[in-house]
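Chemist: no FASTA, just this:
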């Protein structure tokens with residue numbers, strides 16, 4: 001198997017200023033796990049992924065809310 005066998009041809013991208021909520025909707029609407037982030041000149045500046053864990057959880061620095069404020 002090669003990359004061409006599994007790659008997506010019509011790539012959905014976002015801009016660095018794209019609202020995260022809008023990006024999440026795009027991930028769901030297009031059933032993809034990541035979106036390339038392109039600048040104004042179409043240069044790749046990063047990737048937004050739904051599978052990337054929150055690093056604060058991994059290193060134990062996440063902010064914990066009191067039980068009465070959790071929803």
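Modeler: Sure thing, it's come through. Bear in mind that the values here come from a model prediction, so they are computed numbers and not experimental data.
Chemist: For this protein, just list every one of the strands.
Modeler: 34-38, 44-49 (DSSP state E).
Chemist: For residue 20, which of those strands is the nearest?
Modeler: Of all those, strand 44-49 sits nearest to residue 20, with 8.0 Å by Cβ to Cβ. Where C-beta positions appear, they are placed from N, C-alpha and C, glycine not excepted.
Chemist: Taking their axis directions, the lengthiest helix in the chain and strand 34-38 sit at what angle?
Modeler: The longest helix of the chain (DSSP state H) is helix 20-29. Between helix 20-29 and strand 34-38, the angle comes out at 130 degrees (axes from the mean of the first three to the mean of the last three Cα atoms, to 10 degrees).
Chemist: tell me what helix 20-29 is packed against?
Modeler: Contacts defined by 3 or more Cβ pairs under 8 Å, 6 or more residues apart in numbering; DSSP states H and E place helix 20-29 against strand 34-38, strand 44-49.
Chemist: redo that, cut-off 7 Å
Modeler: strand 34-38 (3 or more Cβ pairs under 7 Å, 6 or more residues apart in numbering; DSSP states H and E).
Chemist: and the strand it packs on, how far out from the chain's middle?
Modeler: From the chain centre to the centre of strand 34-38 is a distance of 7 Å (Cα atoms, centre = their mean, to the nearest Å).
Chemist: ditto for stretch 10-28
Modeler: Chain-centre distance of stretch 10-28: 7 Å, with Cα atoms, centre = their mean.
Chemist: contacts for that stretch?
Modeler: Identification of contacts with stretch 10-28 by Cβ atoms under 7 Å, 6 or more residues apart in numbering yields 30, 32, 35, 36, 37, 38, 39, 45, 48, 50.
Chemist: which residue packs closest to the fourth one, ignoring adjacent ones?
Modeler: Read that as residue 36. For residue 36, ignoring the flanking residues on the chain, the nearest one in space by Cβ to Cβ, 6 or more residues apart in numbering is residue 13 at 4.9 Å.
Chemist: Near that neighbour, how many other residues are there?
Modeler: 13 (other Cβ atoms under 10 Å).
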